[in-house]
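[1] My questions are about this predicted structure, shown below with the sequence.
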Amino acid sequence: MHIAVLALQGAFIEHEHMLSRLGVDSFEIRQLRDLDASFDGLIIPGGESTVQGKLLRELGLFEPIKKLIADGLPVYGTCAGLLLLAKNIENDERRYIESMNITAVRNAYGRQLGSFFTEEEFLGVGRIPMTFIRAPYISGVGDGVGILARVDGKIVAAREGRQLVTAFHPELNDDTSVHQYFLDMIKS
Ligand code: GLN
């Protein structure tokens, strides 16, 4: 298995570390020619959705990646990556890849609760650590979207076909189970 990690901005190295701990090869997507490689899945890391969205367009990566996802490439978006994949963002006019049938709220936890840690159930996995950093949550899901985790009633992880999103950052904790979930999703 060979996993691509979008490495334009944000917490991409942490995802590469997670994958290597699981014995999986990864490589970075930084420019258009990096897409020539063959790969089985793509991770879009946390960071700033606005910056990543702008860089994707400037580097000519936006349309090719959007098409790969539309054609069924498995993708996992963390935090800003969730916003990049969302069809709808309640409190932001910007839209990006729009491949996943979810409505997100950006910076949904306000300033006071900008960052926090908790442990909650992740469907089919069990209780896992969850680190939130100026995170979004999902305020609504459309047809075909399965809810995987909630924190205080708010949806923080979901799946639609071969697309997985989490509002939290599993790559910042030791627990590898969400990455394992993504790898299992690719295999299935
Ligand atoms: N607040 C960021 C955004 O709007 C997301 C934060 C993160 O990825 N940790 O893109």
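    Happy to help now that I have it.
[2] Which secondary structure state does the most centrally placed residue in the chain sit in?
    Nearest to the geometric centre of the chain sits G77, at 1.0 Å (Cα atoms, centre = their mean). Secondary structure, DSSP: H, G, I helix; E, B strand; the rest coil: G77 is strand.
[3] Show the contacting residues for it.
    Going by Cβ atoms under 8 Å, 6 or more residues apart in numbering, G77 touches I43, I44, L83, L84, L85, M100, Q163, L164, V165, T166. C-beta here means a position set from N, CA and C on the backbone, and glycine is covered the same way.
[4] Also within reach of the ligand: list those from the residues you listed.
    With Cβ under 6 Å from any ligand atom as the criterion, these include L83 near the ligand.
[5] Could you pick out the residues of this structure near the ligand for me?
    Residues of the chain lying near the ligand (Cβ under 6 Å from any ligand atom): G46, G47, E48, S49, C79, A80, L83, R106, N107, I133, R134, A135.
[6] Drop anything exposed from the residues you listed.
    Burial of the residues of the chain next to the ligand was assessed by neighbour count (16 or more other Cβ atoms under 10 Å); the buried members are G46, G47, S49, C79, A80, L83, R106, I133, R134, A135.
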